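Undergrad: any chance you can model this:
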Amino acid sequence: AFAAKLDGSDDGIPDGTLVWNTFMGAAGIDYGYAIAVDTDTPPYVYVAGTSTATWGTGTPPFPVNPHAGGANSEVFAAKIGLLEINIRQDTSNISDGGTYDFGSQNLDNDYDRTFTIENTGNANLTLTTSITITGTNADQFSVQQEPSSPVASGGSTTFDIRFSPTSTGLKEASISIANNDIDENPYDINFTGTGTSGLKDLTIAAGTGGTTIPHPGIYGHSNGTNVEITAIADSGYRFSNWTGNVPAPGTANPVTVTMDSDKSVTANFSEIATKFVIINPADSTAGTATTVTVQAQCTDSSVDTLYNDDVTLVADGSATGEGLVDISSGVGSLAINDDVAETVNLSLSDTQSTTLDVSSTQNVVFSPGTASYLKVTGTASMTAGSTNELTITAYDQYDNVATVYSGSKDLTFSGPSTALSGTVPTVE
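TA: Got it, this is the predicted structure:
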């Protein structure tokens, strides 16, 4: 059998797990001839050799059947990945065997804290059992949310622990999180908290799109304590404002709250625009401008009223008025005109490098205007005694055919011939 182990964790303690291919304990002889480490963070280990055993299932590229064609050994290669468990509360890491203190809290209240399990390695982290609370005061603590498993490379999961003191004094308990990390299984955390009375409770909440530091929850503080709270927006969101017991106007971040009474604070977030959208413009007539509105919209097509970066509107054909749209509070507009009766395609260009999607397009139709003059066309000269067909066309002031015009006009001929004098044609 062959075994390999590499120090690839960030805590200086060797640990490793096989990502694929295992040939431990098979009948036969295994020889390892090469080992290499790549430059990934964390790194992968590659082991190569020969084996006379049959081992490996699944894909890729198994199984290895060494005895085909005789007793010759088959070449093998194994890729070994590393996993590393880490647990933190907010931004503070808690080492295996470390302690988290809930602090002093009022009796008969519930104080929840969220803990994050991270997998900083490149193989799946498996949590093998549910969390169990043990210790002297285990009844003062409870699991409100279990973590999920497995935790993918670079991923995380969370669990919630509640401290509910029912009597004064120090309370102690602990948890053990069973997992497949080689040197941190189980991962043990000790909890302490003190039951008391007379504290001012600060309730922190966060709306959709972010969290806070300290994490949302209830915290007891002595009268007069100044507490700083920071809003942290998720990707795709921005901090908007605070609501609750905060100093006006509620836009400072971080914000400081003075605990002279029980207080409640909520961090609010808004989604950041992901796209510019041309709102369907009204059609117009040649020579009369139409207003084209552009909105900065979120993924749900709502307007991002805090967005103020500009975008360029492009109009094809003979249209005029294209250019930079001044976006204010998520909305901007330009006047587009065209003397030519045609369909104009409107598009967007991200000339300001906003990185928002600019694929939105619209068409606006400029129709001919009111007839301004008539024009007679036909053969300039003809042979005596023959006939000639004349065409009478109505045009608007911009020389577009006035397609909606209909009416009648007297057609008068000059010269020696009067054969058609007085005919009244219809112009359509």
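
Undergrad: and stretch 272-282, end to end?
TA: 28 Å (CA to CA, to the nearest Å).

Undergrad: which residues touch it?
TA: Identification of contacts with stretch 272-282 by CB atoms under 8 Å, 6 or more residues apart in numbering yields 236-238, 290-299, 301, 304, 307, 311, 313, 330, 336, 346-348, 350, 354, 356-362, 364. Every residue, glycine included, has its C-beta placed from N, CA and C.

Undergrad: next, the buried residues of that stretch.
TA: The neighbour-count check on stretch 272-282 (16 or more other CB atoms under 10 Å) flags 272-273, 275-278, 281 as buried.

Undergrad: centre-most residue in the protein?
TA: For the chain, the residue nearest the mean C-alpha position is Gly236 (4.9 Å; CA atoms, centre = their mean).

Undergrad: quick one, what contacts that one?
TA: Taking CB under 8 Å, 6+ apart as the contact definition, Gly236 lies against 209, 271-272, 274, 299.

Undergrad: Thr136: which of these is nearest?
TA: Thr136 lies nearest to Gly209 out of the contacts of Gly236, by CB to CB, at 40.4 Å.

Undergrad: please list all residues in contact with that closest one.
TA: Residues near Gly209 by CB under 8 Å, 6+ apart: 233-234, 236-237, 269-271.

Undergrad: secondary structure element for Phe159?
TA: In this structure, Phe159 sits in strand 156-163 according to DSSP states H and E.

Undergrad: contacts for that strand, please.
TA: If you take CB under 8 Å, 6+ apart as the criterion, strand 156-163 is touched by 102, 105, 110-119, 127, 131, 133, 140-149, 151, 171, 175, 191, 193.

Undergrad: tell me the mean pLDDT for it?
TA: Per-region confidence: strand 156-163 scores 96 on mean pLDDT.

Undergrad: tell me the strands beside the helix or strand following it, with direction?
TA: Per DSSP H and E, the first helix or strand lying C-terminal to strand 156-163 is strand 169-177. Paired neighbours of strand 169-177 in the sheet (DSSP bridges): strand 132-134 (antiparallel), strand 187-196 (antiparallel).

Undergrad: centre of the chain to strand 169-177, how far?
TA: The chain centroid and the centroid of strand 169-177 are separated by 38 Å under CA atoms, centre = their mean, to the nearest Å.

Undergrad: kindly calculate the angle that that strand makes with strand 156-163.
TA: Counting by axes from the mean of the first three to the mean of the last three CA atoms, to 10 degrees, strand 169-177 lies at 150 degrees to strand 156-163.

Undergrad: where's Thr251 relative to Ile272, distance?
TA: Separation of Thr251 from Ile272 (CB to CB, to the nearest Å): 17 Å.

Undergrad: ok so, going back, which of the contacts of strand 156-163 count as buried?
TA: 102, 105, 111-119, 127, 131, 133, 140-141, 147, 149, 151, 171, 175, 191, 193.

Undergrad: so what sits opposite Thr393 in the bridge?
TA: Counting by DSSP bridges, Thr393 is bridged to Lys375.

Undergrad: who's in contact with it?
TA: Here Thr393 is in contact with 374-375, 377, 401, 427 (criterion: CB under 8 Å, 6+ apart).

Undergrad: quick one: closest of the strands paired with strand 169-177 to Ser164.
TA: strand 187-196 (9.2 Å).

Undergrad: how about that closest one: buried residues?
TA: For strand 187-196, burial by neighbour count (16+ other CB under 10 Å) applies to 187-189, 191-196.

Undergrad: dump the residues you listed to a markdown table, plus distance to Glu322.
TA: Below are the buried residues of strand 187-196 laid out as a markdown table (distance: CB to CB, whole Å):
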| residue | distance to Glu322 |
| --- | --- |
| Tyr187 | 61 |
| Asp188 | 66 |
| Ile189 | 62 |
| Phe191 | 64 |
| Thr192 | 67 |
| Gly193 | 65 |
| Thr194 | 68 |
| Gly195 | 69 |
| Thr196 | 68 |
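
Undergrad: those residues into JSON lines, with extra columns for pLDDT and distance to Thr387?
TA: Below are the buried residues of strand 187-196 laid out as JSON lines (pLDDT from 0 to 100; distance: CB to CB, whole Å):
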{"residue": "Tyr187", "pLDDT": "96", "distance to Thr387": "103"}
{"residue": "Asp188", "pLDDT": "97", "distance to Thr387": "109"}
{"residue": "Ile189", "pLDDT": "98", "distance to Thr387": "105"}
{"residue": "Phe191", "pLDDT": "98", "distance to Thr387": "108"}
{"residue": "Thr192", "pLDDT": "98", "distance to Thr387": "112"}
{"residue": "Gly193", "pLDDT": "97", "distance to Thr387": "109"}
{"residue": "Thr194", "pLDDT": "97", "distance to Thr387": "113"}
{"residue": "Gly195", "pLDDT": "96", "distance to Thr387": "113"}
{"residue": "Thr196", "pLDDT": "96", "distance to Thr387": "113"}
